[in-house]
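Student: Here's my sequence, what's the structure:
(one chain, ligands or ions: 1)
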Amino acid sequence: MPELNVHSVLVTGSNRGIGLELVRQLAGKTNCPEWIFATCRDPEGPGAQALKNLAAEHQGIEIIPLDTSEAFSVKTAAAIVTERLKGASLNLLINNAGIVNQSTLETATPEDMLKVYNTNVNGPMMVTQEFLPLLKKAAQESPQKGMSCSKAAIVNVTSECGSITNLLGWELAHILSYRCSKAALNMLTKCQSLGYAKDEILCIMLHPGWLQTDMGNQAMLAPMTVDEGVRKILDTLANLSEKDTGTFVDLDGKTLPW
Ligand code: NDP
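Tutor: Numbers count the residues shown, from 1 in each chain. The predicted model follows:
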């Protein structure tokens with residue numbers, strides 16, 4: 001089975017939930033990345049304490065401030081990471097940060113729709129634009145043929161709630177703005193996969209499973225622990241290749257319908 005073997009990775013929204021667990025498990029690997037850029041919007045706030053504790057135990061974890069919905073914050077983070085890398089590149093970008101709002105057909109407002117779209121779609125778009133030079137560099141400098149997450153990849157964490165065919169959990173929560181935003185994120189990812197194919201950057205939309213995080217537990221207790229889910233996610237990322245670019249997969253690597 002192929003192993004995930006990255007020198008550098010960046011995770012957005014890594015102070016809690018799936019993002020924090022991704023950083024924890026990446027740092028705990030025997031072949032752990034040399035650089036793990038764990039980004040979050042408020043590194044000095046109480047919500048980042050668990051991440052700070054983790055970073056204190058692992059030299060490779062570097063906490064970087066990054067609010068994915070703010071263009072200036074994204075640009076500043078890209079400049080800091082570029083400087084820290086001292087000429088090295090970025091293999092793996094995980095656009096994980098996301099928000100949900102309990103909106104329904106009756107209660108949704110234009111403001112809610114825009115706010116959720118801004119974080120869940122504009123965020124991954126702006127972050128990818130700013131970190132693209134570092135990802136391109138990783139692909140250019142890699143001796144590997146084809147595409148892989150170990151070489152150069154963009155992983156957009158989406159949701160099966162945004163699948164127009166499946167509408168996961170409709171009977172539990174309508175979450176209108178969230179569903180629309182994740183459907184749009186899927187289109188963004190498909191476009192990225194076409195646009196960045198010539199650069200050999202793998203682009204994937206990943207449904208992480210229904211996991212026990214603040215977001216996952218909102219309607220009822222989620223069926224899977226974040227620890228188990230993230231183990232599966234990392235195994236799946238290790239197995240992706242160019243045949244998978246532009247596809248919508250779940251944590252087990254199974255293709256989902258749009
Ligand atoms: P959580 O609500 O537990 O965590 C969300 C994370 O995103 C937090 O770190 C939060 O930071 C961060 N975040 C939100 N907005 C921004 C922003 N503007 N800039 C930077 N960071 C931000 O969610 P999960 O860990 O469960 O979800 C992670 C991803 O997985 C999301 O994209 C979600 O849609 C997706 N997902 C989750 C599922 C689940 O069952 N858990 C199912 C399907 C998809 P802060 O602490 O500052 O708010």
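
Student: give me the number of residues near Val23?
Tutor: 30 (other C-beta atoms under 10 Å). Any C-beta I mention is one placed from the backbone N, CA and C, and that applies to glycine too.

Student: Quote the end-to-end distance of stretch 198-218.
Tutor: 41 Å (C-alpha to C-alpha, to the nearest Å).

Student: List the buried residues for that stretch?
Tutor: Buried residues in stretch 198-218, defined by neighbour count with 16 or more other C-beta atoms under 10 Å: 200-213, 215-216.

Student: ok, so of the residues you listed, who is nearest Gln144?
Tutor: Glu200 (9.0 Å; C-beta to C-beta).

Student: quick one, phi psi at that closest one?
Tutor: When read as degrees, to the nearest 10, the backbone of Glu200 gives phi 60, psi 40.

Student: Apart from its neighbours in sequence, what residue is nearest Pro65?
Tutor: Nearest non-adjacent residue to Pro65, counting by C-beta to C-beta, 6 or more residues apart in numbering: Pro43, 5.3 Å away.

Student: do the same with Thr109
Tutor: Spatially, and ignoring its direct neighbours in sequence, Thr109 is nearest to Ser103 (7.5 Å; C-beta to C-beta, 6+ apart).

Student: For the one you found, give its distance to Arg179.
Tutor: Ser103 sits 9 Å away from Arg179, going by C-beta to C-beta, to the nearest Å.

Student: So between these two, which is more surrounded?
Tutor: Arg179 (24 against 20).

Student: Could you count how many residues lie near Asp250?
Tutor: A count of nearby residues for Asp250, using other C-beta under 10 Å, gives 16.

Student: Next: Lys86.
Tutor: Neighbourhood size, Lys86 [other C-beta under 10 Å]: 6.

Student: before we move on, what about Gly146?
Tutor: Gly146 has 12 neighbours, counted by other C-beta under 10 Å.

Student: same check, this time on the one 3 residues further on
Tutor: When counting by other C-beta under 10 Å, one arrives at 26 neighbours for Cys149.

Student: how close does it sit to Ser69?
Tutor: Here Cys149 is placed at a distance of 25 Å from Ser69 (C-beta to C-beta).

Student: again, but for Leu202
Tutor: In this view, Leu202 and Ser69 are 25 Å apart by C-beta to C-beta.

Student: Which stretches in the stretch 151-258 of the chain count as helices?
Tutor: In the stretch 151-258 of the chain, the helices defined using DSSP state H, counting those that start in this stretch lie at 176-195, 226-239.

Student: Would you format these as a markdown table with distance to the ligand and mean pLDDT included?
Tutor: Converted to a markdown table, the helices of the stretch 151-258 of the chain look like this (distance: least, C-beta to the nearest ligand atom, whole Å; pLDDT from 0 to 100):
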| stretch | distance to the ligand | mean pLDDT |
| --- | --- | --- |
| helix 176-195 | 7 | 98 |
| helix 226-239 | 7 | 98 |
